Structures are given as C-alpha cells and as structure tokens.
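Trainee: sharing a model prediction with you, sequence too.
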Amino acid sequence: AKEALSLGVVDRVFEPVDFLEKSFGFAARILSGSESITRQDFSKDDEGYKRAIEQGQAMMKKKYGGGDVAAPIKALELIKAAQHSTLSQGFDAEDETLSNLVMTDAVRASLYSFNLIQKKRKKVEGAPKAALARKVTRFGIVGAGLMASQLALLVIRNLKVPVVISDLDQERVDKGISYIHGEIDKLVTKGRLSEEGAHRLKGLAIGSVDKKAYATCDFIIEAVFEEMSVKEKVFRTLDSTVRQGAILATNTSTLDVNHIAGFTSRPQDVIGLHFFSPANVMRLLEVVRGAKTAPDVLATAMTLSKKIKKTAVVSGVCDGFIGNRMIHHYSAQAMQMINEGASPEQIDRAVEKFGFAMGPFRMGDLAGNDIGWHIRKRQYEEGSLKVRQVIADKLCELGRFGQKTGAGWYDYKKGDRTAYPSTVVSTIIDEARKAAGTPLRKLDDREIVD
C-alpha cells in the first residue's frame, strides 16, 4: 500500500481499524472542495517509463521463459503507449487489444484449462464421497531420498502428524531427516514460521532403519527405486509388519499397481499415488485405483491430496497412467525430429519460445534421464516398445542422467543449472543418424512446435 501511494496509484492509505470512517471523511472533503487531490504528471518521465517497461519484460521472461506469449506483450505495449495517450485513447486501445486477444487459441486453451483444473477438481470423476475416508494420525514414507524426504515434509507441514521415514542404512536416514529440518529452518528464515512452530514440526519427523517403525502407521507411501523387484520386497515386508486397515500406497510412475498389490494379502488397501518431481513444487497428483482398491481407500487418498494441497486426478491401471503416457508421445516426436536433423537445443528453444517452461530435453535432464531409461528397458523386455531409443539409451549407458550427474542432453557446470550444448551428445546423434541412414532435412521452429 505504501509503495502504491508513493507511485501515485492511490491517493490515500488508511489503517484497517478506522478505514471506513476515514474513507468517508476523505470523500466528503473532496466533494465539498475543502480538500483537493494533486496528481503528478508522469508522461514526461521517460526514464520512469523505461524502467517500468524493463521491469515488466524481466517479469515476463522469468514467468514465461522468453516465450512469445501475446497477452503480457500487448499489456506492455499498452503501458508504453499510455505515456503519450489521452485517457480516452488508452481505453480505446485496451478495448481493441482485448477484442483481438479473446478470439485467440491461447484464450480458449486457458479457459479450458481453468475449467478443468478449478471446476472439475471440486468433484473429481470416479472419486467416492469424502465421508468414507479413513482417519490418518500417523504417516510413513518408505525411503529417505530426495523424493521421499519431500513427501515427508509435505505431510508434516500440512497434516502435522508424525511421519516415519526409513532407508537401508542410518546415514541415508540421517540425510533425509537433515533435509526436512533444513527446509523447515528456511521457513523460519523467511519469516513464514516461528522458532516454536519449527521445533514442533521437526519433532514430527522420525527416522529409522527398522521397518517395524511402520507398524502403527495408518498410511504408508513407498518411494523407492522404480523397479518391480524392489517394490515387491518393500510391499511384502510392509504386509507382514503394518497393522491391518493401514493403507499401502506406491509412488510408482509406470509400474502395474495391480501387480504390486498382489505382493500383499490386502490388495483392497493398496493404491497408487504418483507424485511428480519435485514433489514439493508440482501440484499434480495421479491417484491410481487398482482393480481391488476399496472405495474408502480411494476416498482417503483423495482427502489426503486436498490436505497436502495437490490437484488429484483418478487414473486406472495402465502403463504410464496419464501424465507419462502423454510425455511418452511428446518425447517420441522430439526424438523423431532429432533423427531427422534437429538438435536438442533447437527443439527446446522453439518449445520454450512457444511458452513452455522448458523443452523436452531440458525437462529430461531435470527429472533424470535414468528414469525413462529404466522404463524403456522394461518395455523392451516386455515387447511393448517396438522402436529402440538408440540415442537416449546411449546417453544413459554413459551415465549422462542429467543435472544430477553434471551431464545429460546438455553439459552442466558445478553449481550452475545452465544447460550448455554438448559436443559429446552431438557426436552420439551424428553416429546414430549415419547408422540408421535417415535422410536429414532442415526443420524450422514452426514445424517443431506444430
């Protein structure tokens, strides 16, 4: 409010306690002529307008990653034109700009997305009544890696119930607890949490190497390596350890939830909860209903998603569920363009210019290319993926898993997330193209986006 007053956006600022009384008094004095308003003429402040436009451009770049998004670009044009326009001319320009924008595909897509996310999530298709949800007073997360620690932090902050995390050894468990405590400390530093509140939250994080620590938990999420044999070991152990009536959830991104449920004597209590990475940022949550998942288990999962501030969608059991099935085709098209002559940086640049936060190859490096590799290897073995991704597989064979290894589709410098084009990747791509004998052609940005 004080900044708005200094900029001349508002004429007066009043405190809440007597806001109404002082507002009426101020309006009465203006109407009676006993007080007047003097407003500064900013039209001659060229430097001020220049700074405002530059600040707007910086904000747009940060939000849209340099994408050519029409609405904010037009908004900046209107602000710039306002310096030398009359009030009437400004309104006319706004009306014309708005009438042109409301007919664009971007607006139609935005309205569709808003309706889908905001309206539909209030009554999710396939979700049972919330009244069926089971009570959850103690939580468990199997694993203490980054994803598991992020999930534990989500539950602690939003549900404020004890959360048990475990791993193969004490060192890993301690690292997970340290991450949780560190993130809580950051909230204190930012003034979003008191020291007392931080102490209480830290006390809810419980580390153990003994799976018996899960015995009294009401809801356990497995967040271990994405391999069926590893999942089998975890779920067989949980089934013999955890009390009857507890819900067992898997954070698998592609594996068969029905198969996982079959490792237990209680398939009705098993459900899939696929969190997207990073789990503390990404709002989407895929709730995967198995063939035998009980209605009250699904209701509990949906209630939980709201409490931890996730946007949940219910999926059936299928390879990749919803998000990864879409990403599969998206990535396959990107790889086909690589085979035909485009480079990773050209594709990413075109997609980001269109408005995406990042292109498919930068996204792969961020998430971890090894995740897709493990999925592909399983699909090769099953015969469900007929065409081998030679280039992507070669990168992973070289250990180029992305940002976490300092190399993926791009090269990375220590402590720097900037993606630098890689000569190693260029060589691998050239060799694969020659081996395949694919005719090369030039692709422009428009074709890449389309």
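Mentor: Structure's in. What do you need?

Trainee: which parts of the stretch 351-450 of the chain are helices?
Mentor: 360-367, 369-382, 390-397, 423-436, 445-449 (DSSP state H, counting those that start in this stretch).

Trainee: highest average neighbour count across those helices?
Mentor: Among those, helix 360-367 has the highest mean neighbour count (mean count of other C-beta atoms under 10 Å), at a mean of 23. Every residue, glycine included, has its C-beta placed from N, CA and C.

Trainee: residues in contact with that one?
Mentor: With contact meaning C-beta atoms under 8 Å, 6 or more residues apart in numbering, helix 360-367 is reached by 277, 330-331, 334, 344-345, 347-348, 351, 358, 372, 402-403, 408-410, 412, 419.

Trainee: quick one on the thing from earlier: in CSV: the helices of the stretch 351-450 of the chain, plus distance to Gln268 and mean pLDDT.
Mentor: Shown next, in CSV, are the helices of the stretch 351-450 of the chain (distance: least, C-beta to C-beta, whole Å; pLDDT from 0 to 100):
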stretch, distance to Gln268, mean pLDDT
helix 360-367, 32, 94
helix 369-382, 26, 90
helix 390-397, 37, 97
helix 423-436, 47, 96
helix 445-449, 46, 93
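
Trainee: out of those helices, nearest to Ser88?
Mentor: In terms of C-beta to C-beta, the element of those nearest to Ser88 is helix 445-449, at 38.6 Å.

Trainee: what helices and strands are in contact with the closest one?
Mentor: Judged by 3 or more C-beta pairs under 8 Å, 6 or more residues apart in numbering; DSSP states H and E, the packing partners of helix 445-449 are helix 344-354.

Trainee: could you redo the last one with a cut-off of 10 Å?
Mentor: In terms of contacts (3 or more C-beta pairs under 10 Å, 6 or more residues apart in numbering; DSSP states H and E), helix 445-449 is packed against helix 323-340, helix 344-354.

Trainee: which other residues reach that helix?
Mentor: Contact partners of helix 445-449, identified using C-beta atoms under 10 Å, 6 or more residues apart in numbering, comprise 333-334, 337, 342, 346-351, 353-356, 359, 441.

Trainee: from the residues you listed, which has minimum pLDDT?
Mentor: Confidence by pLDDT is poorest for Gly355 among these, given 81.

Trainee: quick one, what contacts that residue?
Mentor: Gly355 makes contact with Tyr64, Gly65, Gly66, Gly67, Asp68, Val69, Ala70, Ala106, Val449, according to C-beta under 10 Å, 6+ apart.

Trainee: the residues you listed, buried ones only, as a PyMOL selection?
Mentor: Buried residues among these (16 or more other C-beta atoms under 10 Å), as a PyMOL selection:
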select buried, resi 64+65+67+69+70
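
Trainee: returning to what we had before: okay, the helices and strands packed on helix 445-449, which one's buried deepest?
Mentor: Most buried of the helices and strands packed on helix 445-449, by mean neighbour count (mean count of other C-beta under 10 Å): helix 344-354, with a mean of 21.

Trainee: still on that earlier bit, and the contacts of helix 445-449, which two are the farthest apart?
Mentor: Farthest pair in the contacts of helix 445-449, by C-beta to C-beta: Gly355 and Arg441, 25.6 Å.

Trainee: wait, Ile322 sits on Ala312?
Mentor: No. Using C-beta atoms under 10 Å as the test, Ile322 is too far from Ala312 to be in contact (11.2 Å).

Trainee: overlap in contacts of the two?
Mentor: Contact criterion C-beta under 10 Å, 6+ apart; residues shared by Ile322 and Ala312: Leu284, Glu286.

Trainee: give me the more crowded residue out of the two.
Mentor: Ala312 (21 against 16; other C-beta atoms under 10 Å).

Trainee: what is the three-state secondary structure of the more buried one?
Mentor: strand (DSSP: H, G, I helix; E, B strand; the rest coil).

Trainee: can you tell me how far it is from Thr300?
Mentor: 12 Å (C-beta to C-beta, to the nearest Å).

Trainee: now swap in Ser208 and tell me
Mentor: Ser208 is 24 Å from Thr300, by C-beta to C-beta.

Trainee: go on, Gly359?
Mentor: For Gly359 relative to Thr300 (C-beta to C-beta), the value is 38 Å.

Trainee: please apply the same query to Gln55.
Mentor: As judged by C-beta to C-beta, Gln55 and Thr300 stand 46 Å apart.

Trainee: for Pro278, same thing?
Mentor: Note on Pro278: its distance to Thr300, by C-beta to C-beta, is 24 Å.

Trainee: the more surrounded of these two?
Mentor: Thr300 (24 against 12).

Trainee: isn't that one right up against Ala130?
Mentor: Yes. The pair Thr300 and Ala130 qualifies as a contact (C-beta under 10 Å) at a distance of 9.2 Å.

Trainee: chain center to the helix or strand where Val234 lies, what's the gap?
Mentor: According to DSSP states H and E, Val234 maps onto helix 228-241. Helix 228-241 sits 28 Å away from the centroid of its parent chain (C-alpha atoms, centre = their mean, to the nearest Å).

Trainee: and stretch 337-349, by the same measure?
Mentor: 24 Å.

Trainee: now the residue nearest the centre of the chain: closest residue in space, sequence neighbours ignored.
Mentor: The centroid of the chain falls nearest to Met282 when counting by C-alpha atoms, centre = their mean (2.3 Å). Closest residue in space to Met282, ignoring its immediate chain neighbours: Phe276 at 3.9 Å, by C-beta to C-beta, 6 or more residues apart in numbering.

Trainee: correct me if wrong: the one you found contacts Ala312.
Mentor: No. In this structure Phe276 lies outside contact range of Ala312 using C-beta under 10 Å: 11.8 Å.

Trainee: which residues do the two both contact?
Mentor: Common neighbours of Phe276 and Ala312 (criterion: C-beta under 10 Å, 6+ apart): Arg283, Leu284, Leu285, Glu286.

Trainee: pull the number of nearby residues for the last one.
Mentor: It stands for Glu286. 23.

Trainee: same check on the third one?
Mentor: Residues contacting Leu285 under the criterion other C-beta under 10 Å number 21.

Trainee: turn the helices and strands packed on helix 445-449 into CSV, including distance to Ala82.
Mentor: Formatted as CSV, those follow (distance: least, C-beta to C-beta, whole Å):
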stretch, distance to Ala82
helix 323-340, 40
helix 344-354, 27
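
Trainee: ramachandran coordinates for Ala357?
Mentor: For Ala357, the backbone dihedrals (degrees, to the nearest 10) come out as phi -60, psi -40.

Trainee: quick check: closest non-adjacent residue to it.
Mentor: Gly65 (5.7 Å).

Trainee: which ones are touching the one you found?
Mentor: Each residue near Gly65 by C-beta under 10 Å, 6+ apart is listed here: Val351, Glu352, Lys353, Phe354, Gly355, Phe356, Ala357, Met358, Gly359, Arg362.

Trainee: can you give me the strands in the stretch 151-300 of the chain?
Mentor: Assignment of strands within the stretch 151-300 of the chain using DSSP state E, counting those that start in this stretch yields the ranges 163-166, 205-208, 219-222, 247-250, 270-275, 284-288.

Trainee: elements contacting the third one?
Mentor: Contacts of strand 219-222 with other secondary structure elements, assessed using 3+ C-beta pairs under 10 Å, 6+ apart, are made with strand 139-142, helix 146-159, strand 163-166, helix 228-241, strand 247-250, strand 270-275, helix 295-307.
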